[in-house]
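Trainee: Here's a sequence, model it:
(chains A and B)
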Amino acid sequence: MLARPGLPSFDYVRAGTADDVVRLLEEHGEAARLMMGGTDLFVGMRDGVARPRVVVDVKHLSGMRDVVYDEQARLTVGAAVTMNEIAHHPDVQAHYPLLAEAANSVASYQVRNRATIGGNLCNASPCADTVPVTLVLEGNVVLYGPGGERELPAGEFFTGPGETALGADELMTAIRYPALPPGAAGRYLKLGRSKIGDLAIVSVAVLGFPDNVAPSGYRFRVALGSVAPVVLRVSAAEEVLAENPPGEGGFALAAEQAVEAASPIDDVRGSAAYRVAMVRQLTRRGLREVWGQLRGT
Amino acid sequence: MATHSITVIVNGSAEFLTVPSSMTLLQMLREELALTGTKNGCEAGECGACTVLVDGEPVNSCMMLAVEVDGREVTTVEGLARLYGDGKQLSPLQEAFVEHNAVQCGFCTPGMLISAHALLERSPDPTEEEIREALVGNLCRCTGYLRIIQAVQTAAARKEEV
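Mentor: Numbering: from 1, shown residues only, chains lettered A, B, ... in the order given. Below you'll find the predicted structure:
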């Protein structure tokens, strides 16, 4: 026997269609849990946090592992596409490098071979790496339930730590990313206890692009991870950046708005005070780097 | 609890097994097939001691179910040598680990070898940074990593010569 027992016992079901999944969820209720890579679910089961009697493997459903980039320059990523598949996909690298960067920052290479983007979003951790970038890219999540498919802006999906708008009888099938504004540049900055591989103590995603309508000539989108119950879009910072010309002064004002929006906690990875200080630094650094890309320097 | 009949190629041999739903790939390898080279460390996908190849890609076998490898190909540290020859000689990477004394207690070594092997397959001439990145999911508490990195560099250099 192993020194520690493996997983608590459950029945594994490999679902063939999305309707099968809905039926299983209706039949088993809270006793059923959906699974793709299992990298969060199995840890939760070993810790006794999750105790499903039925584990429904949904990653083999049609389309769940597909990455489709279409002529309208939109990207659809199946919910069960792994972090490594995203990070190394030529269309993602060419058109959504920010998403590739975030996916590549998750844990280790072997975990990224199993961890999926849909799992990362549905697990809804405040430190999930693909959430800040999905918010600034203004992606939509595609959910399937008894009434068919519905699409929801990612910004409306996350309702609390580990809590989402996903119905009890729904599954996530895909994430759709709209075409990026022309000339857009992005950066995902993640601070961990080690240079790579760790969960974020603070993370910041920044997307910037030229916009003639904005007084500053540019718009920036800013999202913060690991510093609130959910990942935040900081609209107050974005307004500051639309008003003030890009540069250190405007970036400092925006960073203060980011600090204002953050409500971090103390935990094993860092204190609240440290997180606040790092929100200020990383926001400024992210803006500076994106501005550098926009100017072509 | 449900059981499942699976067919899986492990280190080149077809295995026909009946596995319970909750059995992990790690448990299947160690307890059903007596392949104890793959180690059970953290059971949380952190330490990488249980790393094996599934269809050529490294995964944490503690974080994958046995039923999920039905119809697939698994390579453990016991099967690494046969990827290079008749299986009686160590692989160049294993040789390099021996030469550099890249092993102390040895618990992390099977996972290190699998991750490093997979790195050299996808990137035959990696930089030191790429090696460090590729091994970030394999924790070693003895060596300080330096000798492991040197061993991977040596194996890569030899592969280039061939």
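Trainee: how about low-confidence regions in the chain?
Mentor: No chain was given, so I picked chain A. The model of chain A has pLDDT under 70 over residues A:1-5, A:297.
Trainee: wait, I meant chain B there
Mentor: B:160-162.
Trainee: so the residue most central in space within chain A is in which element?
Mentor: The residue lying closest to the centre of chain A (Cα atoms, centre = their mean) is residue A:131, at 1.9 Å. For residue A:131, the enclosing helix or strand under DSSP states H and E is helix A:130-136.
Trainee: Just give the number of residues close to the residue of the stretch 51-200 of chain A at minimum distance from chain B.
Mentor: Residue nearest to chain B within the stretch 51-200 of chain A: residue A:108 (2.3 Å; Cβ to the nearest Cβ). Any C-beta I mention is one placed from the backbone N, CA and C, and that applies to glycine too. Residue A:108: 25 surrounding residues under other Cβ atoms under 10 Å in any protein chain shown.
Trainee: can you check the one 3 residues further on too?
Mentor: The number of residues packed around residue A:111, counting by other Cβ under 10 Å, is 24.
Trainee: Chain neighbours aside, what residue packs nearest to it?
Mentor: residue B:45 (5.2 Å; Cβ to Cβ, 6 or more residues apart in numbering or on different chains).
Trainee: hang on, that neighbour packs against residue A:113?
Mentor: No - Residue B:45 is beyond contact range of residue A:113, at 10.8 Å (criterion: Cβ atoms under 8 Å).
Trainee: Which residues are in contact with residue 52?
Mentor: Using chain A. With contact taken as Cβ atoms under 8 Å, 6 or more residues apart in numbering or on different chains, residue A:52 is in contact with A:10, A:31, A:32, A:33, A:41, A:45.
Trainee: sorry, should have said chain B
Mentor: B:25, B:29, B:38, B:58, B:59, B:61, B:74, B:75, B:76, B:77, B:114.
Trainee: and the next element down the chain from the helix or strand containing it?
Mentor: Assessed by DSSP H and E, residue B:52 sits inside strand B:51-54. The helix or strand immediately downstream of strand B:51-54 is strand B:57-60, counting by DSSP H and E.
Trainee: what comes up buried for the top helix by length along chain A?
Mentor: Looking across chain A with DSSP state H, the single longest helix is helix A:272-295. By 16 or more other Cβ atoms under 10 Å in any protein chain shown, the buried positions in helix A:272-295 come out as A:275-276, A:278-280, A:282-287, A:289-291, A:294.
Trainee: try stretch A:254-272
Mentor: So for stretch A:254-272, counting by 16+ other Cβ under 10 Å, buried means A:254, A:255, A:256, A:257, A:258, A:259, A:261, A:262, A:264, A:269, A:270.
Trainee: From residue A:246, how far off is the first one?
Mentor: For residue A:254, the distance to residue A:246 equals 10 Å [Cβ to Cβ, to the nearest Å].
Trainee: Let me see the contact set for the residue nearest to residue A:270 when sequence neighbours are not counted.
Mentor: Nearest non-adjacent residue to residue A:270, counting by Cβ to Cβ, 6+ apart: residue A:201, 4.2 Å away. Counting by Cβ under 8 Å, 6+ apart, residue A:201 touches A:191, A:192, A:193, A:226, A:269, A:270, A:274, A:275, A:278.
Trainee: can you check residue A:143 too?
Mentor: A:149, A:150, A:151, A:152, A:165, A:166, A:167, A:170, A:171, A:172, A:173.
Trainee: at 7 Å what do you get?
Mentor: Contact analysis of residue A:143 by Cβ atoms under 7 Å, 6 or more residues apart in numbering or on different chains lists A:150, A:152, A:166, A:170, A:172.
Trainee: again, but for residue B:37
Mentor: B:76, B:77, B:78, B:110.
Trainee: Neighbour count and secondary structure for these - can I get that in a markdown table?
Mentor: Conversion of those to a markdown table gives the following (neighbours: other Cβ atoms under 10 Å in any protein chain shown; DSSP: H, G, I helix; E, B strand; the rest coil):
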| residue | neighbour count | secondary structure |
| --- | --- | --- |
| B:76 | 24 | coil |
| B:77 | 24 | helix |
| B:78 | 19 | helix |
| B:110 | 24 | helix |
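Trainee: Chain A against chain B: which residues are in contact?
Mentor: A:2-4, A:6-12, A:38-39, A:42-43, A:46, A:107-111, A:113-114, A:196-197 (Cβ under 7 Å from any Cβ of the partner chain).
Trainee: quick one on the thing from earlier: what is the burial count for the residue nearest to the residue of the stretch 51-200 of chain A closest to chain B when sequence neighbours are not counted?
Mentor: Leaving aside its sequence neighbours, residue A:108 sits nearest to residue B:137 (Cβ to Cβ, 6+ apart; 2.3 Å). Using other Cβ under 10 Å, residue B:137 has 23 neighbouring residues.
Trainee: can you map out the helices along chain A?
Mentor: A:18-28, A:41-46, A:83-88, A:90-95, A:97-104, A:109-112, A:117-123, A:130-136, A:235-243, A:248-261, A:272-295.
Trainee: centroid residue for chain B?
Mentor: Centroid-nearest residue in chain B: residue B:114, 3.0 Å away (criterion: Cα atoms, centre = their mean).
Trainee: ok but that one is inside a strand, no?
Mentor: No - per DSSP: H, G, I helix; E, B strand; the rest coil, residue B:114 lies outside any strand segment and is helix.
Trainee: Which positions in chain B make contact with chain A?
Mentor: So chain B meets chain A at B:1-2, B:21-24, B:27, B:40, B:43-45, B:48, B:51, B:57-60, B:63-65, B:67, B:115, B:133-134, B:136-137 (Cβ under 7 Å from any Cβ).
Trainee: what does the domain assignment say about chain B?
Mentor: B:3-76, B:81-161 (automatic domain parsing).
Trainee: Could you do chain A as well?
Mentor: Split by automatic domain parsing, chain A gives A:11-57, A:67-177, A:200-295.
Trainee: What number of neighbouring residues does residue 66 come out with?
Mentor: Picked chain A for this. 13.
Trainee: meant chain B actually
Mentor: Residues near residue B:66, counting by other Cβ under 10 Å: 27.
Trainee: wait, isn't it in contact with residue B:22?
Mentor: No - contact criterion Cβ atoms under 7 Å: residue B:66 and residue B:22 do not qualify, at 9.0 Å.
Trainee: now the strands for chain B?
Mentor: B:3-10, B:13-20, B:51-54, B:57-60, B:73-75 (DSSP state E).
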